[in-house]
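J.: Turn this into a model:
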Amino acid sequence: MGHMDHFSAGWVTPVLSYAMACVGSALGLRCTVRALEADGASKRNWLLLASLAIGSGIWTMHFIAMMGFSVDGTPIRFDVPITVLSLLMAVAVVAAGVFTAGYGRSRVMSVLLGGLGTGLGVAAMHYTGMAALNLHGDVDYDPVLVIASVVIAVVAATAALTLTLIVRGPVLATAAALVMGLAVSSMHYTAMYAVKISLAPSSAALPGATATEFIFPLAVLLGSFLFLAAAYVALSPTGKRHESAAAAQLLREVELTTA
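T.: Okay, the predicted model is just below:
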């Protein structure tokens, strides 16, 4: 059995990964709220941005945390295509949950189905990302902890959507992002403690890329996207402000026409 260290880089990786999860969650949940205030293409675009934000946030959280993961007796490499697939899967499954929450007629069912979809997106991303792990040995899981990790993701994602979609306010919006970030981080480390590695020592070169070669640059890119998108959302008008601006513009055009 290979000895695993989940914090080989110290507390930098868990703290930074939690921060990225919170940023992605805050942005995604805020975009979902904006979508509820919009119609047509604008609604769809806000939900797409929400899906990208949450999906990117949970992916970045996972792989920043994985940069602190090591196993005695073997190097670790990441399969690039599967790693990219885990990102696409995260966005796609989260999108199913977010669009359900955004377009659902029943607020209760929207929250329940949206939380289920978002939570499953977190779990799907994690275990697909773990499938990208290449090392000298076999990776197995404790089924009880696997189930617990999925339950944590679904319950906490549902709680975050409940705070966001049913109760409004900046304090609760912040709480929702912190809850969602905690859900992603808790799910990740619960799932990682479910891992069991049986080593098969070898001197053969492992296929794939190191975390520094591939994971870190992509995480920086996605992190930059999240912060730029957050700035865009913060500076863009709310639905009510947009409607007021449109009404004022229409009034000016009428006045010019009748002058």
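
J.: ranges for the strands of the stretch 51-200 of the chain?
T.: Taking DSSP state E, counting those that start in this stretch as the criterion, the stretch 51-200 of the chain contains strands spanning 70-71, 77-78, 133-134, 137-141, 195-199.

J.: between these, which one is nearest to Phe216?
T.: Phe216 lies closest, by C-beta to C-beta, to one member of these: strand 77-78, at 10.9 Å. For every residue, glycine as well, the C-beta is placed using N, CA and C.

J.: Residues in contact with that closest one: which ones?
T.: When contacts are defined by C-beta atoms under 8 Å, 6 or more residues apart in numbering, strand 77-78 is touched by residues Ala132, Leu133, Asn134, Leu135, Leu206, Pro207, Gly208, Ala209, Thr210, Ala211, Phe214, Ile215.

J.: most tightly surrounded among the strands of the stretch 51-200 of the chain?
T.: Per-residue neighbour counts averaged over each of those give the maximum for strand 77-78, namely a mean of 20 (mean count of other C-beta atoms under 10 Å).

J.: for the record, mean pLDDT for it?
T.: Confidence over strand 77-78 (mean pLDDT, whole number) is 91.

J.: got a list of what Leu52 touches?
T.: Going by C-beta under 8 Å, 6+ apart, the list of residues near Leu52 reads Val91, Phe225, Ala229.

J.: Turn the strands of the stretch 51-200 of the chain into CSV, including distance to Ile147.
T.: Rendered in CSV, the data for these read as follows (distance: least, C-beta to C-beta, whole Å):
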stretch, distance to Ile147
strand 70-71, 24
strand 77-78, 26
strand 133-134, 21
strand 137-141, 10
strand 195-199, 14
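
J.: Met20: which of those strands is closest?
T.: Ranking these by proximity to Met20 (C-beta to C-beta) places strand 77-78 first, at 17.8 Å.

J.: Give me the helices and strands touching the strand or helix carrying Leu226, please.
T.: Element membership of Leu226 [criterion: DSSP states H and E] is helix 216-235. When contacts are defined as 3 or more C-beta pairs under 8 Å, 6 or more residues apart in numbering; DSSP states H and E, helix 216-235 sits against helix 12-36, helix 40-66.

J.: Which of the ones you listed sits closest to Pro81?
T.: The closest of those to Pro81 is helix 40-66. By C-beta to C-beta, the value is 14.7 Å.

J.: residues of that closest one that come out buried?
T.: Neighbour-count burial for helix 40-66 flags 43, 46-66 (criterion: 16 or more other C-beta atoms under 10 Å).

J.: how near is the nearest residue to His3 once chain neighbours are set aside to Pro14?
T.: Here the nearest residue to His3 in space, its sequence neighbours aside, is Asp72; by C-beta to C-beta, 6 or more residues apart in numbering that works out to 4.4 Å. From Asp72 over to Pro14 the distance is 20 Å, taken as C-beta to C-beta, to the nearest Å.

J.: quick one on the thing from earlier: just the closest of the contacts of strand 77-78 to Ala194, please.
T.: Distance to Ala194, by C-beta to C-beta, is smallest for Leu133 among those, at 13.6 Å.

J.: Please spell out the segments of the chain that come in under the pLDDT threshold.
T.: Residue ranges of the chain with pLDDT under 70: 1-2, 163-169, 237-259.

J.: Give me the residue at the spatial middle of it.
T.: Compute the mean C-alpha point of the chain, and by C-alpha atoms, centre = their mean the closest residue is Ile58, 2.8 Å away.

J.: Next, format the contacts of strand 77-78 as CSV and append distance to Val233.
T.: What follows is the contacts of strand 77-78, written out as CSV (distance: C-beta to C-beta, whole Å):
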residue, distance to Val233
Ala132, 31
Leu133, 34
Asn134, 37
Leu135, 39
Leu206, 41
Pro207, 40
Gly208, 35
Ala209, 32
Thr210, 34
Ala211, 30
Phe214, 29
Ile215, 26
